[in-house]
Every structure is written in structure tokens, then in C-alpha cells.
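Student: model the following, please.
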Amino acid sequence: MKKRVLTVIVVLAMSALAQGRASAQEGGIMLHAVAPGAAVETLDGRMVDLQSYVQGKPAVLEFWATWCPLCKQLEPQMQAAREKYAGRIAFVSVGVKDNQTPEKQKAYAESKQLGGEFVFDRDGKAVAAYKVPHTSYLVVVDAGGKVVYTGVGGDQNVDAAIRKALPMGSATPNGSY
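Tutor: Sure thing, here's the model as predicted:
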């Protein structure tokens, strides 16, 4: 009887551990972490700290590249969000250095008429600070500087991710979501 009870306890404990592992974040900066700073440069060559974009109001960081098909898939949602939340959310596209230059990214953003701020991560410091697993990686930060969403891929629900960073009732000017 004791052996049977012990077996049941072990099975339940292993099941609980497996469920915890399955629901854990698999990569990137942890949720609820303070958004870190990192030295990046604007596309015109000025050095800035990424943290300057994520203080005081919510922010969306997208780690991207011109060659990334998932980033291209996200473009319509990102542009719609930039228009919907203009002035209330900081949108920062962090260009990764792999097969990229600031000039290439600037030309691409201009040709596609993409809004928001664009910075280039020449030394990989932002990628390291945010533990970026892949391009098309989004990080949403609330006004207090805490990470409230991370995700990878072209099919992310950008609007729902942004709403995680907003106080209740403030998603649109009339308070509706």
C-alpha cells in the first residue's frame, strides 16, 4: 500500500513538473523583467541607449531584418498598430546585424513607408540583453518598464500584445478595445 501511494505521489509530481515546463517561456527575456538598456545606433549613426525608448510610456520592440520573411508578414499588423497607437506607444524596430547595414535597413523602411523609430544593433548588445531567439521577435514593455509580452513569428496578434501594456480602458481614444 505504501509503495502504491508513493508511486502515485511521484507520478503526480512528475506531471506537475512537465506541465510547468510546457508552459514556461522557451526563449527570450523573461516576462515581468525590467527592460534592459543596450547601446544601439540610429540609422543616421548616432549612438543611443535602447532603454531611452522604453521609459515613461509603453513600447514595442521588434527585432528584425530586411531579409526576414516573418518580419515581412508582421509588417501590416505593425503598421496598423503604429497608426492606431500613435503618440501613446513607442515603436522601435531594432535591426539585427546579420547580413544587414543601417543603410540597407533605412532604404527598406523608407521604401515601405514604415513608421516608428529604427535603430541598428551593430554590436549585438540589444540581441544579447533581450536574449533574442530569432528575428520577428517582439517585446512589449509597459509604462513602468516591465516586459509584458514576448513572441516570435509572423502570425503574432500585435494588437492583443500591445493591450497587455495599456491601462484598462485606454486601448482606443474612446476606451474600447
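
Student: for residue 62, which three-state class applies?
Tutor: Classification of residue 62 using DSSP: H, G, I helix; E, B strand; the rest coil returns strand.

Student: am I right that it is in contact with residue 132?
Tutor: No - Residue 62 is beyond contact range of residue 132, at 10.4 Å (criterion: Cβ atoms under 8 Å). Where C-beta positions appear, they are placed from N, C-alpha and C, glycine not excepted.

Student: give the buried residues for stretch 49-65.
Tutor: Across stretch 49-65, burial judged by 16 or more other Cβ atoms under 10 Å covers 49-51, 53-54, 58-65.

Student: typed the wrong thing, it's stretch 28-47
Tutor: 28-29, 33, 35-41, 43.

Student: the residues you listed in helices, which ones?
Tutor: In helices, defined here by DSSP state H, there are no members of those.

Student: now those residues in JSON lines, with distance to residue 99 and pLDDT?
Tutor: As requested, the buried residues of stretch 28-47 are arranged in JSON lines below (distance: Cβ to Cβ, whole Å; pLDDT from 0 to 100):
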{"residue": "28", "distance to residue 99": "21", "pLDDT": "91"}
{"residue": "29", "distance to residue 99": "24", "pLDDT": "95"}
{"residue": "33", "distance to residue 99": "29", "pLDDT": "95"}
{"residue": "35", "distance to residue 99": "27", "pLDDT": "95"}
{"residue": "36", "distance to residue 99": "25", "pLDDT": "95"}
{"residue": "37", "distance to residue 99": "26", "pLDDT": "94"}
{"residue": "38", "distance to residue 99": "20", "pLDDT": "96"}
{"residue": "39", "distance to residue 99": "21", "pLDDT": "96"}
{"residue": "40", "distance to residue 99": "18", "pLDDT": "97"}
{"residue": "41", "distance to residue 99": "17", "pLDDT": "96"}
{"residue": "43", "distance to residue 99": "16", "pLDDT": "91"}
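
Student: and the residues you listed, which is closest to residue 160?
Tutor: Within those, proximity to residue 160 (Cβ to Cβ) peaks at residue 28, which comes in at 17.5 Å.

Student: the closest one touches residue 132, doesn't it?
Tutor: Yes - applying Cβ under 8 Å, one finds residue 28 in contact with residue 132, separated by 6.5 Å.

Student: quick one: which two of the buried residues of stretch 28-47 are the most distant?
Tutor: 33 and 43 (27.1 Å).

Student: quick one on the thing from earlier: which of the buried residues of stretch 49-65 has the weakest pLDDT?
Tutor: Ranked by pLDDT, the buried residues of stretch 49-65 bottom out at residue 54 (87).

Student: alright, calling it a day.
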